[in-house]
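Colleague: I need the structure of the sequence given here:
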Amino acid sequence: MYMYLAILQRYSFCTLLASNVIMTTSRPPGLYNTNVGVLGHVDSGKTSLSRALSTQGSTAAFDKSPQSQERGITLDLGFSAFFAEPPKGKGWEEHKVDMLQYTLVDCPGHASLIKTIIGGAQIIDMMVLVIDVNKGIQTQTAECIVIGEILASNLTVVLNKCDLIVGDKELHLSKLKKKLTAVFASTKFGTPDFVCTSAAPGASDKEPAQGLDEFKKVILDKTPLPKTAAQDEKEFMMYVDHCFSIEGQGTILTGTILEGQVSTGQTIHFPVMKIDRKVKSIQMFKKPVKTARKGDRIGMSVSKFESSMERGIVCAVGGDVKTYTMGIAKINRVRFYKAAIPSNSKLHITVGHATVMGVVRFFEAPLPEDGSTAKFNFETDHTWLEELPESSPKTREKLKNKQPSVLYALIQFEQPLTTPIGATMIASKLDTDVHSNTCRLCFHGTMECALKTEDLPKIRALKDKVRPATIDRVLDDYSVIAKNLVKAKGGDVTRFIGMKIVFEPPTDPETGEYPEGRSPFVGKIDSTFGKSGKVKVVFKQPVFKKDEKGQPTNPKYKLYLRFKVNHFDKSKAMLQHYL
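Modeller: Predicted coordinates:
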């Protein structure tokens, strides 16, 4: 372990560049990095915990910026790291890992910085939720839990500031853990691990932090093993969170590698600017390396690149990163968001480190019978939704007889967005009053495809339309004269000629099903009748036949002209292919 620390502490990025010396070493083959997001309400002690744990800090760590120093809070993402030897007998030996590097992503906690929090959470492998033990769950704590449910699969809860508990400490902690256990029981995390800490006892750097050994043990036990080597074979892609220039040396990009790997001398692509540039050098926490791979936090010097770019994405030349103003996302509603979300709402859409305004429109398709979550298909009939359905238990109970569906959102961005297809997106209502104590995160999902305006009519988002008709008189067992298909007397009904029409019984108001033993009949609008807006309707079955007592064999049945229109088809063609 000390060998790694010695190597990491030997050089600083700026010193190497300023002296024109590039001393590049191979990436330690047995080093494995895990990104740990540190989230929580403002002033819960996230930065203090990160500082107490870390042996390496980046230039953006521990609130070093003048703005953070002035306001006394975290304003941007901070990155630091600590190292540990992997536990024996957990499978690390099989992956030839002999040192674990934990990159701590210290996220802001203030409500107004939620966009930065979401951006930081999209690059993490594990999540640590820091809670002030004397305040419990606060507004941003709740939002961080929601973000964790969306983006993390692994959660540890840190109960911080235990040194400030007044009275019976054990009783206080027991009551708080009981409350928190009830809260987390309704989340995907179930019962998370709780660790009690005092990251800055007495608000002083002089006293040693408490509880760090227990924290490290929990994190070590929960760290997921590396995935297959195939991850390195994917094309390079990296989220850039900081960009700055060093005079005479070029531009430095810092960020986290999402996919693949990158090496010195490699040419990379800037999709927003549509330019290619060569990587001059790479560092991982001040240690120069030749190659970095998925999950690594790096800084790299790029030649001949001058830009005001602050955040964004870079990728391999020819990489599948698109810039678009319209796309389709497969989505899930955040169950804690209680307000209605109508189609055509304008929301904040966050993908990676970018947040833009976008207008959303919703539709759904039946879940495939095999339960697979197939990608969006333009050939599939989708149902237009006036608003995004609620996801509360009561709503799910009402919909228990409905076939499970996949929800989609068409999003039209006010500004071009550059993202890889398949990227995670989160829609929020960030103009909500931060003091309102309500969840601002509306729904989340993955970007399925990018669209152009001319692609809109290809989306089959169908809206049900129905026109009731009244039987004017029965001609015989197979045909009738119907009226009132149009509201205006004598209105034009010629556009309905040749269309199918349904003769059906009333349905159950709760289940929407037909009475047992009863089913609808499908007929055809054969021709107009007279000049008063009436039509002749013909069926192949004797649906108007009377029984021996002269009573209709299909009592209470009514005529309905049912069809669908595609919301995105300006011609509003009437579709009946499903009948």
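Colleague: which stretches in the stretch 151-300 of the chain count as strands?
Modeller: Counting by DSSP state E, counting those that start in this stretch, the segments of the stretch 151-300 of the chain that form strands are 155-160, 193-196, 237-246, 250-259, 261-263, 267-270, 275-284, 287-289, 291-293, 297-302.
Colleague: now these in JSON lines, with mean neighbour count and mean pLDDT?
Modeller: Bear in mind the C-beta positions are built from the backbone N, C-alpha and C, glycine included. Below are the strands of the stretch 151-300 of the chain laid out as JSON lines (neighbours: other CB atoms under 10 Å; pLDDT from 0 to 100):
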{"stretch": "strand 155-160", "mean neighbour count": "24", "mean pLDDT": "96"}
{"stretch": "strand 193-196", "mean neighbour count": "19", "mean pLDDT": "96"}
{"stretch": "strand 237-246", "mean neighbour count": "19", "mean pLDDT": "87"}
{"stretch": "strand 250-259", "mean neighbour count": "22", "mean pLDDT": "88"}
{"stretch": "strand 261-263", "mean neighbour count": "19", "mean pLDDT": "93"}
{"stretch": "strand 267-270", "mean neighbour count": "18", "mean pLDDT": "94"}
{"stretch": "strand 275-284", "mean neighbour count": "19", "mean pLDDT": "92"}
{"stretch": "strand 287-289", "mean neighbour count": "21", "mean pLDDT": "89"}
{"stretch": "strand 291-293", "mean neighbour count": "20", "mean pLDDT": "91"}
{"stretch": "strand 297-302", "mean neighbour count": "23", "mean pLDDT": "91"}
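Colleague: now these as TSV including distance to Tyr478?
Modeller: Below are these laid out as TSV (distance: least, CB to CB, whole Å):
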stretch	distance to Tyr478
strand 155-160	67
strand 193-196	72
strand 237-246	65
strand 250-259	65
strand 261-263	73
strand 267-270	68
strand 275-284	72
strand 287-289	83
strand 291-293	73
strand 297-302	76
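Colleague: so for Arg311, which of those strands sits nearest?
Modeller: strand 237-246 (5.6 Å; CB to CB).
Colleague: partners of the closest one, with directions?
Modeller: strand 250-259 (antiparallel), strand 312-316 (antiparallel) (DSSP bridges).
Colleague: what pLDDT, on average, does the last one get?
Modeller: Across strand 312-316, pLDDT averages out at 91.
Colleague: got a list of contacts for it?
Modeller: Strand 312-316 is contacted from outside by 235-240, 243, 253, 255, 260, 268-272, 321, 352-354, 418-420, using CB atoms under 8 Å, 6 or more residues apart in numbering.
Colleague: next one: stretch 162-181 to chain centre, how far?
Modeller: Distance of stretch 162-181 from the chain centroid (CA atoms, centre = their mean, to the nearest Å) equals 34 Å.
Colleague: what's in contact with it?
Modeller: By CB under 8 Å, 6+ apart, stretch 162-181 touches 131, 133-134, 136-137, 157, 159, 191, 194, 196-198, 201-202, 210-211.
Colleague: hmm, try it at 6 Å
Modeller: By CB atoms under 6 Å, 6 or more residues apart in numbering, the surrounding residues in contact with stretch 162-181 are 133-134, 191, 194, 196, 198, 201.
Colleague: low pLDDT regions in the chain?
Modeller: 1-28, 57-76, 109-114, 120, 202-206, 228-232, 369-374, 391-403, 434, 490 (pLDDT under 70).
Colleague: quick one: the helices in the stretch 251-400 of the chain?
Modeller: Under the criterion DSSP state H, counting those that start in this stretch, the stretch 251-400 of the chain carries helices at the ranges 393-398.
Colleague: list the buried residues in the longest helix along the chain.
Modeller: The longest helix of the chain (DSSP state H) is helix 169-184. Residues of helix 169-184 classed as buried: 172-173, 176-177, 180, 184 (neighbour count, 16 or more other CB atoms under 10 Å).
Colleague: now the angle between strand 155-160 and it, please.
Modeller: 150 degrees (axes from the mean of the first three to the mean of the last three CA atoms, to 10 degrees).
Colleague: can I get helix 169-184 in CSV, CA atoms only?
Modeller: Coordinates of each C-alpha in helix 169-184 appear next as CSV, following Å, rounded to 0.1, in the frame of the first residue of the first chain:
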residue,chain,number,x,y,z
LYS,A,169,-26.1,8.8,22.9
GLU,A,170,-27.0,5.1,22.5
LEU,A,171,-30.7,5.8,22.9
HIS,A,172,-30.6,8.7,20.5
LEU,A,173,-28.9,6.6,17.8
SER,A,174,-31.3,3.7,18.4
LYS,A,175,-34.3,5.9,17.9
LEU,A,176,-32.8,7.5,14.8
LYS,A,177,-31.8,4.1,13.2
LYS,A,178,-35.4,2.8,13.8
LYS,A,179,-36.9,5.8,12.0
LEU,A,180,-34.4,5.6,9.1
THR,A,181,-35.0,1.8,8.8
ALA,A,182,-38.7,2.5,8.3
VAL,A,183,-37.9,5.1,5.6
PHE,A,184,-35.5,2.9,3.7
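Colleague: that concludes my questions; thank you for your assistance.
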